[in-house]
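*Asks:* Show me the folded form of this:
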Amino acid sequence: MVEYDDMEQIAVADIPGLIQGAHLNKGLGHSFLRHIERCLCLLYVIDLSQPNTLEQLQHLKYELDQYLPGLAERPHAVVGNKIDIPEAKQNLKIIQENISLPVIAISAHYNLHIPELKKHLRELSNKYVNKLEETSEEHHII
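*Replies:* Now for the predicted structure:
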């Protein structure tokens, strides 16, 4: 659970990285993907210490979409981890230049930028909940 100062809580599931072929049930494949399917919002966590940041994101989205078309497009954000590693800043710049979403750069090891991540997570969750409520109200109009 992610807790906020105003006592709001958001349930968060930590899903380990998907291996290639997860949609074909390789590794823990379908059991992880079923868990992801139950999530309302997604945070794609990218390892900024690795040079292939765009490939990491594309791989995650591909596996989700192969398992369930549209799953990768649920409300989501991109989190770049390991910003404390020297080469991470250049890799962050590369991914920021190539996607239209903001990338929240953090260091889980040093607890850097975690408040910003929590704020963005709450905004993402609130936006999705509000959209669900609007859709629900539209269907109940007589």
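
*Asks:* Tell me which residues of stretch 109-128 come out buried.
*Replies:* Of all the residues in stretch 109-128, those buried under the rule 16 or more other Cβ atoms under 10 Å are 112-113, 117-118, 120-121, 124-125. In short, each C-beta sits where N, CA and C put it, glycine included.

*Asks:* Over to stretch 55-72?
*Replies:* 56-57, 59-64, 67, 71-72.

*Asks:* Quick check, central residue of this structure?
*Replies:* Nearest to the geometric centre of the chain sits L43, at 1.0 Å (Cα atoms, centre = their mean).

*Asks:* Show me the shaky parts of the protein.
*Replies:* 13-17, 19, 22, 25, 27-28, 136-142 (pLDDT under 70).

*Asks:* Where do the helices of the chain begin and end?
*Replies:* Using DSSP state H, the helices found in the chain span residues 29-37, 53-67, 88-98, 114-139.

*Asks:* so can I have CSV of those helices showing distance to H76?
*Replies:* Shown next, in CSV, are these (distance: least, Cβ to Cβ, whole Å):
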stretch, distance to H76
helix 29-37, 11
helix 53-67, 9
helix 88-98, 14
helix 114-139, 8
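
*Asks:* So for L18, which of the ones you listed sits nearest?
*Replies:* helix 53-67 (4.7 Å; Cβ to Cβ).

*Asks:* got the angle for that closest one vs helix 88-98?
*Replies:* 60 degrees (axes from the mean of the first three to the mean of the last three Cα atoms, to 10 degrees).

*Asks:* Thank you kindly, that will do.
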